[in-house]
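Participant: Quick check, what structure comes out for this input:
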Amino acid sequence: MIAKILAKGSAADIAGYVMREFHDKEKYTADTWRVIDSDGILGNDYRRIVNSFDIGASLNKNISKPIGHISVSFDKSDLPRLTDDFMVLLAKEYMERMGIKDTQYLIVRHLETSSPHFHIVYNRVNLHGKAIDESNNFDKSHKATKAIKLKYGLTFSPKKKLYEDQQFGNF
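Facilitator: Purely as a prediction, here's the structure:
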């Protein structure tokens, strides 16, 4: 399990990417991705999801890029265990460890690659109009993924370990 904290931006851009709104509709069909969980989102189509995030973000106009995006991938050897329900459990635990709580989120699983992964899209404005604390996010993310891998017996692949060591050093 490795998490990549990606660029922040607008709901339209990030939801559009993870929901394949801007991709070739013949290649990226309904069987190549799916929403596996959400909270605080009204509806399940692209436009309603964007509107929901935009309404939530309007609680704090000081955040110029209100939507966060994290991609979480796994070693191929873990694939047999990676049901949608298990991925949701892992995503929720990861978000909790990252301090991403009391906010809207969307979890989208991508199935078109050989690398099992999902995307977390979340509102950086919580339900109380406060900004989600994202200080030390890269360090928190590394510690969260390591703890979750140990807790659930997920694979520490050599390639991902090399990436983690280069990015974060040995802990």
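
Participant: now the closest residue to Ser10 other than its chain neighbours, which residues is it bridged with?
Facilitator: Once flanking residues are discounted, Ser10 sits nearest to Ile67: 6.3 Å by Cβ to Cβ, 6 or more residues apart in numbering. Where C-beta positions appear, they are placed from N, C-alpha and C, glycine not excepted. For Ile67, the beta-bridge partners under DSSP bridges are Gly9, Asn123.

Participant: which SSE is the most centrally placed residue in the chain in?
Facilitator: When the chain is reduced to its mean C-alpha position, the nearest residue by Cα atoms, centre = their mean turns out to be Ile120, at 1.8 Å. Per DSSP states H and E: Ile120 is located in strand 117-123.

Participant: and that strand, C-alpha only, in CSV?
Facilitator: What follows is strand 117-123, C-alpha atoms only, in CSV (Å, rounded to 0.1, in the frame of the first residue of the first chain):
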residue,chain,number,x,y,z
HIS,A,117,-5.8,1.2,-6.6
PHE,A,118,-8.5,3.7,-5.5
HIS,A,119,-8.7,7.5,-5.3
ILE,A,120,-9.9,9.5,-2.3
VAL,A,121,-11.4,12.9,-3.2
TYR,A,122,-12.2,15.0,-0.2
ASN,A,123,-13.4,18.5,0.7
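
Participant: Report the buried residues of the helix or strand following it.
Facilitator: Remark: after strand 117-123, the chain's next helix or strand is helix 137-152, criterion DSSP H and E. Using 16 or more other Cβ atoms under 10 Å as the test for burial, helix 137-152 gives 137, 140-142, 144-146, 148-149.

Participant: can you put those residues in a markdown table and add pLDDT and distance to Tyr17?
Facilitator: What follows is these, written out as a markdown table (pLDDT from 0 to 100; distance: Cβ to Cβ, whole Å):
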| residue | pLDDT | distance to Tyr17 |
| --- | --- | --- |
| Asn137 | 93 | 20 |
| Lys140 | 96 | 23 |
| Ser141 | 95 | 20 |
| His142 | 93 | 24 |
| Ala144 | 97 | 23 |
| Thr145 | 95 | 22 |
| Lys146 | 94 | 27 |
| Ile148 | 97 | 24 |
| Lys149 | 95 | 26 |
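
Participant: Tyr94: which of these is nearest?
Facilitator: Ala144 (5.4 Å; Cβ to Cβ).

Participant: For the closest one, which residues are in contact?
Facilitator: The neighbourhood of Ala144, defined by Cβ atoms under 8 Å, 6 or more residues apart in numbering, consists of 3, 93-94, 97-98.
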